[in-house]
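Q: Below is the sequence, then the predicted model.
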There are 2 protein chains.
Amino acid sequence: MQQLEELVSSLREEGFRITPQRVAIVDYLLRTDDHPSAEHIHRIVQKKYPMVSLSTIYKTLDLLKEKKLVNEIEVDGEARFDAHTHAHINLVCINCGKIDDIDEESLNEIQNRAAKKSKYLILKGSFELFGYCVNCKSKFS
Amino acid sequence: MQQLEELVSSLREEGFRITPQRVAIVDYLLRTDDHPSAEHIHRIVQKKYPMVSLSTIYKTLDLLKEKKLVNEIEVDGEARFDAHTHAHINLVCINCGKIDDIDEESLNEIQNRAAKKSKYLILKGSFELFGYCVNCKSKFS
DNA sequence: CACTTAATTAGGAATTATTATTATTAATAG
DNA sequence: CTATTAATAATAATAATTCCTAATTAAGTG
């Protein structure tokens, strides 16, 4: 995960204007471990800048996506975003909706166990995986 | 994959009414290997029953989902459905959008290879997997 | 074979997430 | 400081899905 200053100056160097809105959005995305929706980012950013509009959130997220600075995933027809652009998978608990990241190193272990146990994944929509949700404690089979 | 008659009588046994609309929807889902959207199912079913409404499609799909007779996945913010309810994963080509099923036996092999090569999957949104799309021939890395 | 009635339907309105449009504002270059 | 033009706010438009309600009908009952 990169620092705010790096991101901001890299954007400036590429000729993008640095606005308070953009800084606030990037700042929030870097600070959170969550996978917020555009709406959620909007509510957070509005605390500091009450007049920021939702379409600005969307446009900024588009820009950041294009620059590979954020990752977009999809849950129940809603876009969610995170600033963790290294290789990882997003796990969505089919019980409580909690989203977790799993990085490459944990993933190796999981894939090994998966191969041994011949459990299955379902990409997109609901998915199943051995293990349990760290949030709601429900078990998968 | 179950037969139409089995499904229909199992629905009837549970007290659900068997309507031409429901039969047509189930019939189509059983016949196709595709992952049609609600809209697409609507167009197909309308060929036989021109007055069937889109909301009926949605309600019927909800019923079938609840009874675990169809599987719902999500592609680009659009719901897609299939009647293959056995354990499998859905692969979505990040290049052409083609959706494929992989059943448990093929999956074992894939997971073994995945474990060896330590490639990664991304659940939801785009995903990456070694291999190539059988439809557009584009390779994944 | 009617008769009854609760489940189901059609059709349109409402909702939700997102994108497009446009006049206004403000970040940056000079 | 001023001009340029990208970025913004506000609003309208769009697309997928859900909600609503009066009308219809499947299927059990006499």
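A: Ah, there it is. Numbering: from 1, shown residues only, chains lettered A, B, ... in the order given.

Q: Show me what the residue in chain A positioned nearest to DNA strand C is bridged to.
A: Nearest residue of chain A to DNA strand C, counting by CB to the nearest atom of the strand: A:Ala79, 3.0 Å away. Bear in mind the C-beta positions are built from the backbone N, C-alpha and C, glycine included. Here A:Ala79 sits in beta bridges with A:Glu74, as judged by DSSP bridges.

Q: And for it, the neighbour number?
A: 18 (other CB atoms under 10 Å in any protein chain shown).

Q: Check which helix or strand the residue of chain A found nearest DNA strand D maps to.
A: In chain A, no residue comes nearer to DNA strand D than A:Thr56, which is 3.1 Å away by CB to the nearest atom of the strand. Assigned by DSSP states H and E, A:Thr56 belongs to helix A:54-66.

Q: circling back to that earlier point, so what's the residue of chain A closest to DNA strand C up against?
A: A:37-38, A:61, A:72-73, B:77 (CB atoms under 8 Å, 6 or more residues apart in numbering or on different chains).

Q: repeat for A:Leu4
A: With contacts defined as CB under 8 Å, 6+ apart, A:Leu4 is in contact with A:23, A:26-27, A:30.

Q: Chain A: helices as residue ranges?
A: When assigned using DSSP state H, the helices of chain A occupy the ranges A:4-13, A:20-31, A:38-48, A:54-66, A:104-117.

Q: now, which of the contacts of A:Ala79 lie close to DNA strand D?
A: For DNA strand D, the contacts drawn from the contacts of A:Ala79 by CB under 7 Å from any atom of the strand are B:Gly77.

Q: Let's see if you can find the most crowded of the contacts of A:Ala79.
A: Most neighbours among the contacts of A:Ala79, by other CB under 10 Å: A:Ile73, with 21 neighbours.

Q: quick one: that residue from A:Ser55, how far?
A: Distance, A:Ile73 to A:Ser55, using CB to CB, to the nearest Å: 21 Å.

Q: isn't A:Ile44 right up against A:Ser37?
A: No. Taking contacts as CB atoms under 8 Å, A:Ile44 lies outside contact range of A:Ser37: 10.8 Å.

Q: that older thread, any residue of the helix holding A:Thr56 up close to chain B?
A: No. Contact of helix A:54-66 with chain B (CB under 8 Å from any CB of the partner chain) is absent, the minimum separation being 10.4 Å.
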